[in-house]
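>>> Everything below, folded, please.
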Amino acid sequence: MKAAIYARVSSEKQDVDLSISAQMRALRDYASRNGYEVIKEFMDQAESGRTSARPAFREMIAMARRQSKPFDTILVYKYSRFARNREDSIVFKTLLKKVGVRVISITEPADETASGKLFEAMIECFDEFYSSNLGEEVTRGMRESAMRGFYVKSFAPYGYRKVRVNDGGRERTKLEPEPHQAQIVSRIFGGILQGKGLTEIVKELNNEGIAGPRGRGWIKTTLHQLVTNEVYTGTLVWSKTSTKKLEPVRFENAWPAVADKDTFNRAQQLLRERAPVSLHPKRASSHFLLSGIAKCGYCGKALIGHDAKSGKFSYYVCGTLAKRGAGSCPSLYLNSHKFEGIVINKIKDHILTRKNLVELVRIVNEELDTLSIEHKEHLQSIDDEINELNLRLDRLYDVLEMGKAKPEDLMPRILQHKYRLEKLQDARHGVEQKISERKIELADTETVTRYVEDLRKLISDSPLVERKAFIRSFVRQIEVKGDQALLTYTLPMPPEGITEEKTAVLSTVQYGGR
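Numbering: from 1, shown residues only. As a prediction, the model looks like this:
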């Protein structure tokens, strides 16, 4: 009989008599006595049994569901090690039974009879009650600690480290700046105040080989979470998303600030200004195709669509000129029909061709696949660390060759570097595998040609709302100055990979004409 064994502990303070090593020893002995061949061992340390989001647990379930599963039994010390939530337990046990895998507790044997199933269910109910009750007690204690300004989360945020302080004979946790990381955080906020975007800052940090919060390379999402976290102003905020609808705990000046309040607030304002803008309801409901994305190149105001002669004529005009009259802005009146036609034709001729659509699919997948981007950034950070370790090893070898140090003095460091290199190479292989799995197979020529025809019809014949949405998926902004329009695309447009393009527009007499 082939089996997997699974062990879990919740934290260092719990399950003292159920340590990982104790569980594993008991499970191995049980397997040996009962004729099980242990194929694989799974362990989760400091992971809650109330959730299935445990790395080793999820790997074990995935392996058990394979067509050629390597084991047909999972041995656990107690059913609470498998799951403390009865719903999770039922779901995963049922799932495993369908593929012929049993879960056996070596200390709480339960057979397949009616009484055995009842006994197993009773054990699970008690475990769930204990877990829920314990969770409430822990939450109450954490909330009380947070209200007094103590740090209650498991990991210190990047830029800080946890320190223990005395609180009436008990030790509590506070934060203090970690000098090197705090300097990086200050630099990040400084970059935002200088007008740099998050993507630009991410590239700078990765190019310099500065490790991120998890010791990996930086990504835009991580950086955004950092610069919007009030923890850096010395403010403790806890339980923002309480499932019990409790008010969040807020404690000012809980620890030294890395960024003062003024810097933090100015950074938030700049981030909001750079964020994608939501259309005003009036613009969204306008029957003018380009309302909301067309603006005046002279004064920066939006181009507003106007109807004249009971809708017989229509035109676009600068908001300043429309409100203040002649002489307030040198912009021209634009015939709405011709102006919109120029933009539509530009999209048709420049984008909606079979060749360009194939290229655009590739670009979209590269630009919008956040996970793929994260993997590539991770790969770059691994390569950077590999190169750095190789340089360090070369320097150590040079020292040995020149006889400046004894081999026994340097061997521990050399072995440490070589061990780290092996781990990095394994990690690199894993990331490369993930990247290869993300490759998208493009549609064949016939399918793409059909897409092109459909899209051309969509931009010309669809309802106004659909046409607006379609144009906005390609064009971020149209800036008109004199008789020239500058189109800014939402992503690099094939085949040249440009993001901006100028085109001529036709001015009209004051009333326009449709």
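
>>> Please, which helix or strand holds residue 215?
Using DSSP states H and E, residue 215 is not contained in any helix or strand.

>>> what's the pLDDT at it?
Per-residue pLDDT puts residue 215 at 77.

>>> How many residues are close by it?
Each residue near residue 215 was counted by other C-beta atoms under 10 Å, and the total is 8. Glycine gets a C-beta too; all of them are placed from N, C-alpha and C.

>>> With residue 196 instead?
Here the number of neighbours of residue 196 (other C-beta under 10 Å) works out to 16.

>>> element containing it, please.
Under the criterion DSSP H and E, no helix or strand holds residue 196.

>>> contacting residues for it?
Contact analysis of residue 196 by C-beta atoms under 8 Å, 6 or more residues apart in numbering lists nothing.

>>> for it, phi and psi?
phi -80, psi 150 (degrees, to the nearest 10).

>>> same check, this time on residue 2
phi -100, psi 130.

>>> what helix or strand does the closest residue to it other than its chain neighbours sit in?
For residue 2, ignoring the flanking residues on the chain, the nearest one in space by C-beta to C-beta, 6 or more residues apart in numbering is residue 71 at 4.5 Å. Assigned by DSSP H and E, residue 71 belongs to no helix or strand.

>>> Residue 71 - how many residues pack around it?
Residue 71: 20 neighbours (other C-beta under 10 Å).

>>> quick one: it and residue 230, what's the gap?
As judged by C-beta to C-beta, to the nearest Å, residue 71 and residue 230 stand 48 Å apart.

>>> Can you give me the domain boundaries for the protein?
2-134, 160-274, 281-359+447-504, 372-437 (automatic domain parsing).

>>> In a markdown table: those, plus distance to residue 149.
Listed next are the domains of the chain as a markdown table, based on distance: least, C-beta to C-beta, whole Å:
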| stretch | distance to residue 149 |
| --- | --- |
| domain 2-134 | 22 |
| domain 160-274 | 4 |
| domain 281-359+447-504 | 43 |
| domain 372-437 | 35 |
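
>>> if we can go back for a sec, the residue nearest to residue 2: what's it in contact with?
2-4, 39-40, 63-64, 101.

>>> Can you check the pLDDT for it?
93.

>>> mind checking which of the domains of the chain is nearest residue 154?
Nearest to residue 154 among the domains of the chain is domain 2-134 (8.2 Å), distances taken as C-beta to C-beta.

>>> What's the first helix or strand after the worst-scoring helix or strand of the chain on mean pLDDT?
Every helix and strand in the chain was compared by mean pLDDT, DSSP states H and E; the lowest is helix 281-285, with a mean of 47. Using DSSP H and E, the helix or strand that follows helix 281-285 in sequence is strand 294-296.

>>> what packs against that following strand?
Where contact means 3 or more C-beta pairs under 8 Å, 6 or more residues apart in numbering; DSSP states H and E, strand 294-296 is packed against strand 303-308, helix 319-324, strand 475-481.

>>> now with 10 Å?
Under the contact criterion of 3 or more C-beta pairs under 10 Å, 6 or more residues apart in numbering; DSSP states H and E, strand 294-296 touches strand 303-308, strand 313-318, helix 319-324, helix 336-350, strand 475-481.

>>> Point out the most buried one among those.
strand 313-318 (a mean of 24; mean count of other C-beta atoms under 10 Å).

>>> Start and end of stretch 289-306, how far apart?
12 Å (C-alpha to C-alpha, to the nearest Å).

>>> Average pLDDT for it, rounded please.
Stretch 289-306 comes out at a mean pLDDT of 89.

>>> Which positions within it qualify as buried?
By neighbour count on 16 or more other C-beta atoms under 10 Å, the buried set for stretch 289-306 is 289-298, 301-306.

>>> what's the most distant pair in those?
289 and 298 (22.1 Å).

>>> Now the spatially most central residue of the chain: which helix or strand?
Nearest to the mean C-alpha position of the chain, by C-alpha atoms, centre = their mean, lies residue 221 at 5.2 Å. If you go by DSSP H and E, residue 221 is part of helix 220-227.

>>> contact partners of the next helix or strand after that helix?
Remark: after helix 220-227, the chain's next helix or strand is strand 236-238, criterion DSSP H and E. When contacts are defined by C-beta atoms under 10 Å, 6 or more residues apart in numbering, strand 236-238 is touched by residues 142-143, 145-153, 174-175, 229-231, 248-255.

>>> and if we set it to 6 Å?
146, 230, 249-251, 254 (C-beta atoms under 6 Å, 6 or more residues apart in numbering).

>>> Among these, find the lowest-pLDDT one for me.
Minimum confidence in the contacts of strand 236-238 sits at residue 146, scoring 82.

>>> helix or strand right after the helix or strand hosting that one?
With secondary structure defined by DSSP H and E, residue 146 is part of helix 114-147. For helix 114-147, the following helix or strand on the C-terminal side (DSSP H and E) is strand 160-167.

>>> Run me through the strand neighbours of that next one, direction for each.
Paired with strand 160-167 in the same sheet, following DSSP bridges, are strand 170-177 (antiparallel).
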